[in-house]
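**Q** quick one: sequence plus predicted model below, questions after.
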Amino acid sequence: MNSKNKEYDLAFNKNEDENRLGVAKMIHRLDRIREGGGQKKMEKLASQGKLPPRERIRLLLDPDSYSLEIGAFAAYDMYPDEGGCPSAGVVVVMGYVSGRLCIVVANDPTVKAGAWFPMTGKKNLRAQEIAMENRIPIIYLVDSAGVYLPMQDEIFPDKEHFGRIFRNNARMSSMGIPQIAAVMGSCVAGGAYLPIMSDEALIVEGTGSIFLAGPYLVKAAIGEDVDQETLGGASTHSEISGVTDYKMPDDQTCLATIRDLVGRMGPRDLTGFDRIKPEDPALPPEDIYGIFPGDAGKPYPSMEILKRLVDKSTLTEYKKEYGKSIICAYARIDGWSVGIVANNRQVVKNGKGEMQFGGVIYSDSADKATRFIMNCNQKKIPLVFLHDVTGFMVGSRSEHGGIIKDGAKMVNAVANSTVPKFSIVMGNSYGAGNYAMCGKAYDPRIILAWPSARIAVMGGDQAARVLTQIQVEALKRQGHPPRPEEEETLYQEIKTRYDDQASPYYAAARLWVDGIIDPLETRKAISLGIEAANHAPVEPFNPGVLQT
């Protein structure tokens, strides 16, 4: 083995260790999150004859089928003054129920009695958005005390707040998207409308209850003394009010009945995205750990990552010798035909022999990607974006060459694209590069991050140097120029804060991404997303006005 191979092997092993450690940390954090409100709360739930939310979902989904949890890290490290809110107090999963792909939404009563925090609302709306975009059924497992009153101003009145959920109930009904709700615990106040605006509602005897106002509020409002069961229990709503359709003796029977109801749904029309028999990558996917660098600034052979994600490790590269800082290629993922747009992190030479930095989008690359995206829309091929981008190229040469114009064309094509889009943030996703590569603002059907992801306006070092320079100049104007060590301290403080905010956990907490996954889960997640998207029609593509 020559020295070059030894050097490569050392780098491979170091990368592998760092990436596996990142995945292990992610799994450890997920395990803590999945404890919900803690062991005592879980024991209290069991004493009431109720199952925890993830167990309810496990019994609902088909055994041994693949499922994808959405927003597991929602509200991560948020609401410290409230004692935290793991997974925003609600569990959302895309998975198979009686062979049909569904979205399942389950309140977690061990977290503040399932109360709605601001991020709870945002996560519920995201679940409904996925169901609406993909025209797949949605199932609600309701067990919630309603809006978290100390934060009502952040969850109640605005367009993207609590009330939007019921608006979506109505819209999904008009779109023909099946909705089933099971009241398996509390369902109070405005939240009572959610199950009743669904197509069918079940209620569990002894634990389920629905009312606009509970016994205490009824007493305060009109002076009536009434117990919870009489006011809104299972017998009341199944025998007297007719609000619910099925009275269930326990959680297990309720979940089995939902499976039966879903299993009886008629067939749905499919869009018909091309799929053949899936084949595994010819090259080991585990190599991704060793190829992808732990240091976000280091170049690496991006094509080698792609070869470990696609069927047979085979890609048909579009304009291979042009616009080399972006890779555009046709391939298959789990049998599905896809168009891949990936940032090339290798340092390459363009057609003029000029060096191009890895991860930067140049004018020729933006031009190539725009054309490729338009081709995929023309052919009705789903798009997969793999982010590791530091932004568009800057400087006088780029500005004179029209980088803004070419970047705008790419952003336009992404924004107006009507085929399903899926984004995987592998590494950096900075500035306008995030937009051009179909960040959250550009409606990817699913957007996921690897533990190595970084999402921000720019890198922490660059941002810290800019902000430090601004603050230093301000101090100088005030006649208090900082000493070098003070300037360094200021820089480090800003960089630390900025790096924390660029973390994938910071992004996932705020649902800028739908989740953080092991890189080896990428193929399955994309395949599941395309299968969901295959239930919704594709609108005609019209890119509007493009500057040439």
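**A** Happy to help now that I have it.

**Q** show me the shaky parts of this protein.
**A** The chain contains residues with pLDDT under 70 at 1-8, 190, 400, 548.

**Q** most remote residue from the middle of it, which is it?
**A** G479 (47.9 Å; C-alpha atoms, centre = their mean).

**Q** backbone dihedrals for D245, please?
**A** When read as degrees, to the nearest 10, the backbone of D245 gives phi -100, psi -30.

**Q** ok, now F273?
**A** According to degrees, to the nearest 10, F273 has phi -60, psi 140.

**Q** so the residue farthest from the centre of the chain sits in a helix?
**A** No: G479 sits outside any helix when classified using DSSP: H, G, I helix; E, B strand; the rest coil, being coil.

**Q** what sits against it?
**A** By C-beta atoms under 8 Å, 6 or more residues apart in numbering, no residues touch G479. The way it works is simple: take the backbone N, C-alpha and C, and place the C-beta from them, glycine included.

**Q** can you pull out the strands in the stretch 401-548 of the chain?
**A** Assigned by DSSP state E, counting those that start in this stretch, the strands in the stretch 401-548 of the chain fall at 421-430, 446-449, 454-456, 515-516.

**Q** oh, that last question was meant for the stretch 201-350 of the chain, not what I typed.
**A** So, for the stretch 201-350 of the chain - with DSSP E, counting those that start in this stretch - the strands run 209-211, 246-248, 316-318, 326-333, 336-343, 348-349.

**Q** can you add distance to T236 and give the ones you listed back as CSV?
**A** Formatted as CSV, the strands of the stretch 201-350 of the chain follow (distance: least, C-beta to C-beta, whole Å):
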stretch, distance to T236
strand 209-211, 9
strand 246-248, 10
strand 316-318, 63
strand 326-333, 50
strand 336-343, 48
strand 348-349, 70
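
**Q** and the ones you listed: which comes nearest I196?
**A** Among the strands of the stretch 201-350 of the chain, strand 209-211 comes nearest to I196, with 7.6 Å by C-beta to C-beta.

**Q** tell me what that closest one is packed against?
**A** In terms of contacts (3 or more C-beta pairs under 8 Å, 6 or more residues apart in numbering; DSSP states H and E), strand 209-211 is packed against strand 179-188, helix 228-232.

**Q** let's have those in JSON lines, adding distance to E43 and mean neighbour count.
**A** Below are these laid out as JSON lines (distance: least, C-beta to C-beta, whole Å; neighbours: other C-beta atoms under 10 Å):
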{"stretch": "strand 179-188", "distance to E43": "16", "mean neighbour count": "26"}
{"stretch": "helix 228-232", "distance to E43": "22", "mean neighbour count": "17"}
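
**Q** and P284, which of the ones you listed is closest to it?
**A** So among those, strand 179-188 is nearest, using C-beta to C-beta, at 41.6 Å.

**Q** that closest one - contacts with which helices or strands?
**A** If contacts are counted by 3+ C-beta pairs under 8 Å, 6+ apart, strand 179-188 sits against strand 138-144, helix 163-175, helix 193-196, strand 200-204, strand 209-211, helix 251-263.

**Q** among these, which is the most enclosed?
**A** For the helices and strands packed on strand 179-188, the largest average neighbour count (mean count of other C-beta atoms under 10 Å) is found in strand 138-144, namely a mean of 27.

**Q** elements contacting that one?
**A** Short answer (3+ C-beta pairs under 8 Å, 6+ apart): strand 138-144 packs on helix 53-60, strand 100-107, helix 118-134, strand 179-188, helix 193-196.

**Q** and the contacts of the first one?
**A** Yep, that's helix 53-60 we're talking about. With contacts defined as C-beta under 8 Å, 6+ apart, helix 53-60 is touched by 34, 36, 51, 90-91, 93, 95, 97, 104, 106-109, 139, 141, 143, 184, 251-252, 255-256, 258-259.

**Q** quick check: buried residues in that helix?
**A** For helix 53-60, the neighbour count (16 or more other C-beta atoms under 10 Å) marks P53, R54, E55, R56, I57, L59, L60 as buried.

**Q** re the thing from before, wait, which of the helices and strands packed on strand 138-144 is closest to P451?
**A** helix 118-134 (20.7 Å).

**Q** for K440, find the nearest of the helices and strands packed on strand 138-144.
**A** Using C-beta to C-beta, the nearest of these to K440 is helix 118-134, at 9.9 Å.

**Q** now that closest one and strand 138-144, what's the angle there?
**A** With axes from the mean of the first three to the mean of the last three C-alpha atoms, to 10 degrees applied, the angle from helix 118-134 to strand 138-144 works out at 160 degrees.

**Q** which strands and helices sit next to helix 118-134?
**A** By 3+ C-beta pairs under 8 Å, 6+ apart, helix 118-134 packs against strand 68-70, strand 90-97, strand 100-107, strand 138-144, helix 163-175, helix 522-533.

**Q** if we can go back for a sec, rebuild the helices and strands packed on strand 138-144 as a markdown table, extending it with distance to I403.
**A** Output for the helices and strands packed on strand 138-144, formatted as a markdown table (distance: least, C-beta to C-beta, whole Å):
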| stretch | distance to I403 |
| --- | --- |
| helix 53-60 | 47 |
| strand 100-107 | 40 |
| helix 118-134 | 32 |
| strand 179-188 | 46 |
| helix 193-196 | 48 |
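
**Q** and the helices and strands packed on strand 209-211: which comes nearest A441?
**A** Ranking those by proximity to A441 (C-beta to C-beta) places strand 179-188 first, at 27.3 Å.

**Q** parallel or antiparallel, list what pairs with that closest one.
**A** Each strand paired with strand 179-188, and its direction, by DSSP bridges: strand 138-144 (parallel), strand 200-204 (parallel), strand 209-211 (parallel).

**Q** which residues touch the shortest one?
**A** The one in question is strand 209-211. Contacts of strand 209-211 (C-beta under 8 Å, 6+ apart): 183, 185-188, 192, 195-196, 203, 228-229, 231-234, 237, 243-244.

**Q** check stretch 489-504 too.
**A** Stretch 489-504 has contacts (C-beta under 8 Å, 6+ apart) with 425, 449-456, 459-461, 463-465, 467-468, 471-472, 482, 506, 513, 516.

**Q** among the residues you listed, name the ones in helices.
**A** If you go by DSSP state H, those have G460, D461, A463, A464, R465, L467, T468, Q471, V472, Y506 in helices.
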